[in-house]
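**Q** Next comes the sequence, and after it the predicted model I'd like to discuss.
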Amino acid sequence: MTDELRGLLRESAEAHLPDRARMLARVERGTARRGAARGLRDRARTGPLTWPKIVLATLATVGTLTVSALTVVAVVHTPDPPRQPAAAAPSAAPSAAPSAVDRTAPPTAGSRTEDGPLWADGSVDPHSNTYWAQSNVTLKTRKPLTALVVELRIALTAGVKDTGSWRTLPAEDFELSAREEGGFLVYRWTLKPGRNVPSGEHVFAGQYDHATGGRDAKDDAYRIDAAGAGEGGAAVWGGFA
């Protein structure tokens, strides 16, 4: 019990007021005044902050916000750990487009006169004479051809010199060359792109001078490489009787 309350009770006793209700009323009024006084003291303790306290509180708040903002920025902008670069898949070496004509075997390597749809034969034309000759390469194909190379090789025996050539197919369908290569006079007919050779029998002939007298054709040779649309290549080769 506080001194203030004791004083109130003492005043009531001294006043000889036996009325219990009046005594309780005084006690309630005293208690109310005490509560009001306590409220004033509390408000005084919790009153407005002084200027230094405001500054310190503001700085503390700003510091807290700054630290929070930096934390957020750090979280948002923290770079991802460096990724290991994916190992590049080894690129396959580009494969060369298969040639429509495979000319790997030398024309003098034995004799192969038939392959797939092709058949061929080499012969010295019977109209040849003692100073001039013609060698014929006869080709038979059971299917149309979209690629064709015919090569005739005449050994450079004494006096051999080119005097011309011909073929039973249209001249404008072929590229023709005739030149000396490695001890041979070589005639080469190459089918132009976009042109075709029909199925059937076709002849390619090379004409040349030679030294007077009979000439031996044992070292002469031919080779034919061909391919049809959507089909693999075929090759035939042989010599001259």
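**A** Now that the structure is in, tell me what you want to look at. Remember, it's a predicted structure, so these values are computed and weren't measured experimentally.

**Q** Show me what secondary structure element comes after the lowest-mean-pLDDT helix or strand in the chain.
**A** Here the helix or strand of the chain ranked lowest by mean pLDDT, DSSP states H and E is helix 51-77, holding a mean of 39. Proceeding N to C from helix 51-77, the next assigned helix or strand is strand 114-115, under DSSP states H and E.

**Q** what lines up beside the helix or strand following that following strand in the sheet?
**A** Per DSSP H and E, the first helix or strand lying C-terminal to strand 114-115 is strand 118-124. Using DSSP bridges, the strands paired with strand 118-124 are strand 114-115 (antiparallel), strand 132-141 (antiparallel).

**Q** Next, the buried residues of strand 118-124.
**A** Within strand 118-124, the residues that count as buried by 16 or more other CB atoms under 10 Å are 118, 119, 120, 121, 122. Placement of C-beta: from N, CA and C, glycine included.

**Q** Stretch 214-229 too?
**A** For stretch 214-229, a neighbour-count test (16+ other CB under 10 Å) marks 215, 217, 220, 221, 222, 223, 224, 225, 226, 227, 228 as buried.

**Q** Need the winner for burial among the strands paired with strand 118-124.
**A** With neighbours taken as mean count of other CB atoms under 10 Å, the strands paired with strand 118-124 reach their highest mean count in strand 132-141, at a mean of 21.

**Q** got the CA coordinates for that one in PDB?
**A** Provided in PDB are the C-alpha atoms of strand 132-141 (Å, rounded to 0.1, in the frame of the first residue of the first chain):
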ATOM      1  CA  TRP A 132      47.800 -45.200-140.500                       C
ATOM      2  CA  ALA A 133      45.500 -47.000-138.000                       C
ATOM      3  CA  GLN A 134      42.200 -46.700-136.100                       C
ATOM      4  CA  SER A 135      41.500 -48.300-132.700                       C
ATOM      5  CA  ASN A 136      37.900 -48.900-131.700                       C
ATOM      6  CA  VAL A 137      36.300 -49.200-128.300                       C
ATOM      7  CA  THR A 138      32.900 -50.800-128.400                       C
ATOM      8  CA  LEU A 139      30.600 -50.200-125.400                       C
ATOM      9  CA  LYS A 140      27.300 -52.000-124.800                       C
ATOM     10  CA  THR A 141      25.100 -50.900-121.900                       C
END
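
**Q** Buried ones in the helix or strand following that strand, by neighbour count?
**A** Proceeding N to C from strand 132-141, the next assigned helix or strand is strand 147-155, under DSSP H and E. By neighbour count with 16+ other CB under 10 Å, strand 147-155 contains the buried residues 147, 148, 149, 150, 151, 152, 153, 154, 155.

**Q** shaky segments in this protein?
**A** Where the chain drops to pLDDT under 70, the residues are 1-109.

**Q** In terms of residue numbering, what are the domains of it?
**A** 1-47, 114-239 (automatic domain parsing).

**Q** Can you measure across the last one, start residue to end residue?
**A** Think domain 114-239. 13 Å (CA to CA, to the nearest Å).

**Q** likewise stretch 140-152?
**A** End residues of stretch 140-152 are separated by 16 Å (CA to CA).

**Q** 641 is where my numbering starts, stick with that
**A** Right, with 641 as the first residue, what we last looked at is stretch 780-792.
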